[in-house]
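Asker: here you go, sequence then predicted model.
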Amino acid sequence: MEEVIRLQSSKRYVNGESSKISPFFQPPSESPSTAPDTTSSETQTEEEETEEKIVKEKSPSKSPIDSTSFSHLATEVEILTAKCEELEAAKDAAFDDVEQVKKYFKEKLRQTEHHLDATTFELERVQRENAELQKTIENLQLQLRHSSLHVAEEDNDEVSETQSE
């Protein structure tokens, strides 16, 4: 009920039918410690009466100052509302941009991890191949030494044979 009264008061204020009192003005309520025991219907009735008294005490005025300040305030409200909408749109766009950047970097991370896995696999393959080649080199060096020793022994045998002749 209180909200309805407030809305009606706001409507009268906007239409210039009420006093200069703000549509959002609410008479101060008594603090709970000093408030007499009343039912909610009595409280609503008192508030309605207070609102009606305020409206009756003030005669509706449509002075140029009131309409100018009202139109100025209405313009400010429109401007601020437009700015709020722009900021909301900017916030949404920024959020979308952040989401796009997240997606981009997640994809880049996935690609980098894939490349890292491929590189690691290739490195392990090259290391295995290198180890096999090292063994092959060692075997060939060992064979070369044996061949060299064998050739040297044969040469020594030939030299010995030639010398004995």
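Answerer: Looks like it came in fine. Please read these numbers as outputs of a predicted model, since none were measured by experiment.

Asker: so where's this structure uncertain?
Answerer: Counting by pLDDT under 70, the chain contains low-confidence ranges at 1-66, 152, 155-165.

Asker: which parts of it are helices?
Answerer: Along the chain, counting by DSSP state H, helices occupy 2-14, 40-57, 64-164.

Asker: so what's the residue count around Phe70?
Answerer: Phe70 has 14 neighbouring residues, counting by other C-beta atoms under 10 Å. No exception for glycine: its C-beta is placed from N, CA and C like everyone else's.

Asker: what comes up buried for stretch 73-91?
Answerer: Residues of stretch 73-91 classed as buried: none (neighbour count, 16 or more other C-beta atoms under 10 Å).

Asker: also stretch 125-135?
Answerer: For stretch 125-135, a neighbour-count test (16+ other C-beta under 10 Å) marks nothing as buried.

Asker: put the alpha carbons of that stretch into CSV.
Answerer: C-alpha atoms of stretch 125-135 as CSV (Å, rounded to 0.1, in the frame of the first residue of the first chain):
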residue,chain,number,x,y,z
ARG,A,125,64.0,-40.5,-30.9
VAL,A,126,67.1,-38.6,-31.8
GLN,A,127,68.7,-39.5,-28.4
ARG,A,128,67.9,-43.2,-29.0
GLU,A,129,69.3,-43.0,-32.5
ASN,A,130,72.4,-41.2,-31.2
ALA,A,131,72.9,-43.9,-28.5
GLU,A,132,72.7,-46.6,-31.2
LEU,A,133,75.1,-44.7,-33.5
GLN,A,134,77.5,-44.3,-30.5
LYS,A,135,77.4,-48.1,-30.0
